[in-house]
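Chemist: Here is a sequence with its predicted model. Questions after.
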Amino acid sequence: MKSILKTALAASTGLALAGAFAAPALAGGFINSSQSTVFNGTAYAGAAAPGSSSAASMFMNPATMTGFNRFTLDSNYTFGIPTTKITGTYTGASPLNAGLNARPLSGDVGMDYFVPATYVVYPLSEKIYLGVSLNSTYGNTTKADPLSRTSFLASTTKLRIITLTPSVAYKLNEMWSFGVGMQIQYASARQLVPLPPAGASGAGITQADGWGFGVTAGLTFTPTKTTQIGLGWRSFVDQPIEGTTVFGAASSSNSKGTLNLPNRVNLSLRQTLHTKFDLLASVEWQNWGRIGHAALKNQAAGFPAVLPFGYSDGWFFSLGGEYRYNDKLTLRAGIGYEISPVTDAVRRASLPDNDRLWLSTGLTYDWSERLSINASYSYLHIKKAPINQTLTAGSVFVGESKGDAHLLSFGLTSRWGAPVKKEGPIVAKF
């Protein structure tokens, strides 16, 4: 029995630490895609292309800032209402299984959340544009009943990565613009799960955080007045994490590790088909394959706890449109399909992620020349996800996760000052 408990302690510690970084966001892996009220209404179609009324396009592509000729403030507030239900049983020869299967299932482990995002663009001149954005780029929260069947696989999980991105864009001419920026990330994580048998000390992260840095870049290409193309890139960030972990009775305040976050590339199109209608499209690649298997060293326990991610790359495809109903009102809609980086081989109760379908709609009402009101709604249908996860020797949880989500978003776009003046010719003609 002692050997079983020792194995369970080790396994549960690894699961706890993995779960702390793997809280399921409503996008592939644990990327948070909820960055814009306007683009939430198009399933993020056209998010990196120029021509949008929302400065949130700079998140995917800083070069789009050259489309805003006045000081612009864009604020976005998204409410996520996910439902994530896990069912299943423990199989194998472990004596722990009978007691675990006698417990109730965890029910809905998804937790409602709120995500703000803010963007500022300042046109310094006709050619140079400055901007800054503040986003929650990764993470979410799940919570299971600590007395439930799945509590030893994943209990309460919290991850937040906040990113500040100052950027600059240069407008070469009416056809080409370029932009670059710097990502400044702050990460915070916490998770603690109970350990079998009931009453044993917990394992996991009581508190951990760290700072990481990366870059972002992009370009826009406008070959005709009706065709606008954008290519945006956000670099990977090797995010260091340091904090306090516990392993049964052992505690370490100097636990360290690195989380290899993915780079992502977004190619988007805005095509005007009619004076009132624009077609939008996007394809995004997320380099989740680089995350590998991270490790957080617990000095008190004397060995590293492996974070068994092992993800594949993720893909997101979307198609949408904007219809200018009149001078005040713009309507939009979109559909998207996301291929999750989490495969059946590596899926865990702490991240029961799978492919998903996005169905989105939204609108913008121009209250005045200076102020626009944005609103949108998305429904996400998440494919059933099988889970086959080992707790300890002779104890394997076999089950599945079912989930969906509702995203409600509200935002304001305000514009201030006079448009930038175009520079006149150096030599006047008489």
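Modeler: Done, it's in.
Chemist: what about the stretch 151-300 of the chain, any weak spots by pLDDT?
Modeler: Residue ranges of the stretch 151-300 of the chain with pLDDT under 70: 154-157, 191-204, 248-252, 292-300.
Chemist: which residues of it fall in helices?
Modeler: Secondary structure of the stretch 151-300 of the chain (DSSP state H, counting those that start in this stretch): no helices present.
Chemist: can you tell me how far the residue nearest to G212 when sequence neighbours are not counted sits from N263?
Modeler: Leaving out its chain neighbours, the residue that sits closest to G212 by Cβ to Cβ, 6 or more residues apart in numbering is Q239, at 3.9 Å. For glycine as for every other residue, the C-beta is placed from the backbone atoms N, C-alpha and C. The spacing between Q239 and N263, counted by Cβ to Cβ, to the nearest Å, is 13 Å.
Chemist: Could you tell me the phi and psi values at the residue most central in space within the chain?
Modeler: The centre of the chain sits closest to N32, judged by Cα atoms, centre = their mean, with a distance of 1.6 Å. Main-chain dihedrals, N32, degrees, to the nearest 10: phi -100, psi 110.
Chemist: now do T37
Modeler: The phi/psi pair for T37 (degrees, to the nearest 10) reads phi -70, psi -50.
Chemist: L100 too?
Modeler: Torsion angles, degrees, to the nearest 10, at L100: phi -70, psi -40.
Chemist: Tell me how many other residues crowd the closest residue to F397 other than its chain neighbours.
Modeler: Once flanking residues are discounted, F397 sits nearest to Q389: 4.8 Å by Cβ to Cβ, 6+ apart. Applying other Cβ atoms under 10 Å, we find 23 residues neighbouring Q389.
Chemist: How about the one 10 residues further on?
Modeler: Here the neighbour count serves as a burial measure; for G399 (other Cβ under 10 Å) it reads 20.
Chemist: show me the residues around it that make contact.
Modeler: I86, T87, G88, T89, P386, I387 (Cβ atoms under 8 Å, 6 or more residues apart in numbering).
Chemist: again, but for P223
Modeler: Shown in contact with P223 (Cβ under 8 Å, 6+ apart): M175, I229.
Chemist: coming back round to it: my guess is the residue nearest to F397 contacts P352. True?
Modeler: No - with contact defined as Cβ atoms under 8 Å, Q389 does not count as touching P352 (9.9 Å).
Chemist: Can you point out the buried residues in the longest strand seen in the chain?
Modeler: Counting residues, the longest strand found in the chain (DSSP state E) is strand 200-224. For strand 200-224, the neighbour count (16 or more other Cβ atoms under 10 Å) marks 202-205, 208, 210, 212, 214-220, 222 as buried.
Chemist: Which members of the contacts of G399 occur in strands, if any?
Modeler: Cross-referencing those against strands under DSSP E gives I86, T87, G88, T89, P386, I387.
Chemist: Closest one of the residues you listed to D366?
Modeler: For the ones in strands among the contacts of G399, the minimum distance to D366 (Cβ to Cβ) is 44.8 Å, reached by I86.
Chemist: surely the closest one meets A349?
Modeler: Yes - using Cβ under 8 Å, I86 makes contact with A349 at a distance of 5.9 Å.
Chemist: ok, these two, which is more surrounded?
Modeler: A349 (29 against 26).
Chemist: The more buried one against R149, yeah?
Modeler: No - counting by Cβ under 8 Å, A349 sits too far from R149 to count as a contact (9.8 Å).
Chemist: Who wins on neighbours among the contacts of G399?
Modeler: Greatest neighbour count in those, by other Cβ under 10 Å, goes to I86: 26 neighbours.
Chemist: next one: phi and psi at the closest residue to it other than its chain neighbours?
Modeler: Excluding its sequence neighbours, the residue lying closest to I86 (Cβ to Cβ, 6+ apart) is S401, at 5.0 Å. When read as degrees, to the nearest 10, the backbone of S401 gives phi -120, psi 140.
Chemist: wouldn't S401 be in contact with L351 here?
Modeler: No - in this structure, S401 is not within contact of L351 by Cβ under 8 Å, at 9.5 Å.
Chemist: and G394, what does it touch?
Modeler: Counted by Cβ under 8 Å, 6+ apart, G394 has contacts I4, G92, A93, S94, L96, N97.
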